[in-house]
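**Q** let's see this in three dimensions:
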Amino acid sequence: MNQSNSEHPSLLTYDISNYKGLRGRNFFEADKALQRMVRRYSEALSPAHREAMEKHIHGYGTLVGGILDELTEECHKEGKYGEVVKYDRSGNRIDFIKYSEEQKKSRKISYDYGVVSLDFFPEWKYTFPHIHRYALAYLMNLNGEGGVACPLAMTDGMILALRKIGTDEQKNKYLPLIAGKNSDSHFMAGQYVTERVGGSNVSANRTTAKRLSNGKWELNGEKWFCSNPGDLWVTTAKIEGTNRVGMFLVPRLKSDGSLNGHHILRKKDIIGSRGKLTVETIYDKVEAEEFGRPGHGLVNLIRYIIKISRLHVGLGSCGNARRAVMEAIEYSKNRTAYGKKIIDFPILAKTLAELQVLQTANCFVNFRSIDLSEKEDLVGEILVPLLKYKSSSQASIVTQRAILTLGGNGIIGDFSPLPRLHNDSIINETWEGTHLIITDHCLHALQKQKVYNAFVNLIDRLTSKLENYPELRELYSLLHTKRTQLDEMLKEESKEWKDINRVFICDLTYDILVLAEFIEQTIYDFELGKMSDFIFFGTAYSEISSKGLNAPIHKNSIFFDKKALEIFLGY
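**A** Numbering: from 1, shown residues only. Have a look, this model is predicted:
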């Protein structure tokens with residue numbers, strides 16, 4: 001039977017016969033939260049700069065919702081993933097990564113758009129502030145990692161490190177390669193740190209570095225997770241005869257064009273972030289350049305490389321979750337069951353509203369963190385690890401619930417991006433430190449008095465005009481209760497108690513931050529003489545944080561308020 005022409009009743013068109021999800025939309029136009037962040041954090045820019053920046057971000061929104069969405073889907077099909085090519089036709093070792101044309105085109109479009117290197121493009125006449133740089137990175141992640149977002153993050157970290165600690169020779173040699181306008185290296189900077197004996201515990205690693213007479217270093221050992229093998233990468237090794245860890249730059253090829261002493265063993269079969277390769281590599285007399293002072297390797301790794309990666313993980317997870325919520329809401333508006341659109345079922349409307357509240361909160365505090373990071377505020381020592389943990393863990397919850405919204409269609413990889421977004425979210429939970437590692441870093445920062453004072457000052461600034469708005473007192477009351485609880489835990493509990501309860505402490509810290517953020521966003525609108533949707537968001541978040549997602553709701557709950565539900569589902 002020719003199904004395309006059949007009039008059999010089971011094959012007639014139905015409610016989602018022509019459903020295409022969000023493809024073809026401008027993702028910047030579709031994201032009110034991102035629009036607000038761009039407006040708020042660009043207020044200090046000149047009108048001309050702000051207009052040029054918004055036009056640039058808007059243009060990327062069109063690309064992300066259009067051609068980049070299509071290319072991402074295509075390069076994540078069987079037969080289109082990257083492969084390791086170990087030898088050329090003559091049997092010479094080349095250890096080259098071959099990507100599909102769709103993957104290469106996707107990288108080139110974003111690279112040529114200047115997503116993390118716009119300030120290297122001569123036609124751009126302004127600075128490239130964090131709000132611009134990371135709005136673009138966030139938009140990229142609405143398509144998931146896609147084989148591009150992780151390489152972009154590592155390239156961004158290397159650009160910063162080269163600017164901060166690179167020698168003049170390294171800057172002149174490598175910045176044009178990884179950031180230059182006409183470079184053919186499209187996000188091909190990598191990170192080779194983890195070994196079989198140690199992931200986050202870098203000091204346990206066994207790769208060694210020996211200084212050569214020409215001023216370079218010889219590395220020998222193995223690297224177990226080599227992310228984005230390409231033209232240039234950052235790596236670590238123990239300086240021979242010491243326990244000090246140095247950080248080094250390694251180009252794939254030596255200056256004479258020969259392979260630089262490394263051999264790829266195999267690519268990793270990982271569950272997500274599959275568009276770019278992760279491999280295992282042996283170092284056999286690799287020629288490397290010291291990157292910063294050799295004895296400061298771990299400090300520089302964390303300060304420049306890991307910090308930037310964690311910012312990208314937090315924001316990338318937020319982008320994954322945002323796309324998941326967008327897809328779930330769009331599908332629920334089109335899908336019919338039992339005679340009505342499924343979004344009209346109260347339990348599903350509540351579920352989608354909860355996801356929207358969680359995701360919007362996460363978006364706002366991530367951009368707050370990025371702004372403070374640009375200002376080098378001490379509070380970043382708390383916020384960067386905190387948001388890496390909370391954003392990635394929450395994204396896995398949000399993407400999984402979005403999948404369930406689509407029912408059986410939710411688990412079909414060629415129906416929507418949701419399965420891929422979910423797998424990428426799990427990878428983000430692992431990348432740059434699992435939850436127990438990352439919450440330890442956050443707890444350590446919370447216990448540094450100057451850093452904790454910076455956090456207290458942040459919360460005070462965000463709520464400083466509260467007394468003028470009595471309608472926010474209930475929200476602040478919960479914040480105050482949680483803040484008092486956090487203060488008492490940090491001051492009175494034993495080291496052992498805090499260590500074993502570090503995840504709870506970080507969850508509590510996040511709740512305080514989010515509640516303060518929604519209070520500030522509400523006051524900002526009130527000060528302009530406008531009503532604010534964020535008093536609804538804050539109230540909803542207070543219910544979720546107090547009772548949990550699956551707790552019964554009382555008859556006066558914000559989730560019974562039809563106006564509030566319309567606001568949440570339309571945001």
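**Q** now for the strand or helix carrying residue 389, which elements pack on it?
**A** Assigning secondary structure by DSSP states H and E places residue 389 in helix 380-405. Contact analysis of helix 380-405 by 3 or more Cβ pairs under 8 Å, 6 or more residues apart in numbering; DSSP states H and E lists helix 307-334, helix 346-374, helix 418-430, helix 435-446, helix 449-462, helix 502-527 as its packing neighbours. To be clear about C-beta, it is placed using only N, CA and C from the backbone, and glycine gets the same treatment.
**Q** just say which of the ones you listed is most tucked in.
**A** helix 307-334 (a mean of 26; mean count of other Cβ atoms under 10 Å).
**Q** buried residues in the helix holding residue 389?
**A** Neighbour-count burial for helix 380-405 flags 380-403, 405 (criterion: 16 or more other Cβ atoms under 10 Å).
**Q** got the angle between the helix or strand where residue 154 lies and helix 307-334?
**A** Taking DSSP H and E as the definition, residue 154 sits inside helix 149-165. If you take axes from the mean of the first three to the mean of the last three Cα atoms, to 10 degrees, helix 149-165 sits at 150 degrees to helix 307-334.
**Q** in helix 149-165, what's buried?
**A** In helix 149-165, counting by 16+ other Cβ under 10 Å, buried: 149-162, 165.
**Q** all helices of the stretch 51-200 of the chain, in order?
**A** Assigned by DSSP state H, counting those that start in this stretch, the stretch 51-200 of the chain shows helices spanning 67-74, 101-112, 130-140, 149-165, 168-179.
**Q** for the chain, which residues score under the pLDDT cut-off?
**A** 1-6 (pLDDT under 70).
**Q** nearest residue to the middle of it?
**A** In the chain, the centroid-proximal residue (Cα atoms, centre = their mean) is residue 316; its distance is 2.0 Å.
**Q** pull up the pairing partners for the top strand by length along the chain, direction included.
**A** If you go by DSSP state E, the chain has its longest strand at strand 278-290. Counting by DSSP bridges, the strands paired with strand 278-290 are strand 217-227 (antiparallel), strand 245-251 (antiparallel), strand 262-267 (antiparallel).
**Q** any idea how far residue 125 is from residue 252?
**A** Here the criterion is Cβ to Cβ, to the nearest Å. By it, residue 125 lies 34 Å from residue 252.
**Q** quick one: closest of the helices of the stretch 51-200 of the chain to residue 523.
**A** helix 130-140 (20.4 Å; Cβ to Cβ).
**Q** packing partners for that closest one?
**A** By 3+ Cβ pairs under 8 Å, 6+ apart, helix 130-140 packs against helix 32-40, helix 47-65, helix 149-165, helix 307-334, helix 346-374.
**Q** okay if I get those as CSV plus distance to residue 231?
**A** Converted to CSV, those look like this (distance: least, Cβ to Cβ, whole Å):
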stretch, distance to residue 231
helix 32-40, 31
helix 47-65, 24
helix 149-165, 10
helix 307-334, 18
helix 346-374, 27
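**Q** of all the ones you listed, which one is nearest residue 438?
**A** Using Cβ to Cβ, the nearest of the helices and strands packed on helix 130-140 to residue 438 is helix 307-334, at 7.8 Å.
**Q** next secondary structure element downstream of the closest one?
**A** Immediately after helix 307-334, counting by DSSP H and E, sits strand 336-337.
**Q** each with direction, which strands does that following strand pair with?
**A** Here, using DSSP bridges, strand 336-337 pairs with strand 340-341 (antiparallel).
**Q** what's in contact with the strand it pairs with?
**A** Strand 340-341 is contacted by residues 332-335 when judged by Cβ atoms under 8 Å, 6 or more residues apart in numbering.
**Q** the helix holding residue 154 - contacts with which helices or strands?
**A** Packed next to helix 149-165, using 3+ Cβ pairs under 8 Å, 6+ apart, are helix 130-140, helix 168-179, strand 189-192, strand 232-239, helix 307-334.
**Q** that helix to strand 232-239, inter-axis angle?
**A** 60 degrees.
**Q** restrict helix 149-165 to CA atoms and write it as PDB.
**A** What follows is helix 149-165, C-alpha atoms only, in PDB (Å, rounded to 0.1, in the frame of the first residue of the first chain):
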ATOM      1  CA  ALA A 149      29.500  24.700  22.400                       C
ATOM      2  CA  CYS A 150      32.200  22.700  24.300                       C
ATOM      3  CA  PRO A 151      34.900  23.600  21.800                       C
ATOM      4  CA  LEU A 152      33.800  27.200  21.900                       C
ATOM      5  CA  ALA A 153      34.100  27.100  25.700                       C
ATOM      6  CA  MET A 154      37.600  25.800  25.600                       C
ATOM      7  CA  THR A 155      38.600  28.300  22.900                       C
ATOM      8  CA  ASP A 156      37.200  31.100  25.100                       C
ATOM      9  CA  GLY A 157      39.200  29.900  28.000                       C
ATOM     10  CA  MET A 158      42.400  29.700  25.900                       C
ATOM     11  CA  ILE A 159      41.800  33.200  24.500                       C
ATOM     12  CA  LEU A 160      41.600  34.600  28.100                       C
ATOM     13  CA  ALA A 161      44.600  32.600  29.300                       C
ATOM     14  CA  LEU A 162      46.800  33.800  26.300                       C
ATOM     15  CA  ARG A 163      45.800  37.400  27.000                       C
ATOM     16  CA  LYS A 164      46.500  37.100  30.700                       C
ATOM     17  CA  ILE A 165      49.600  34.800  31.000                       C
END
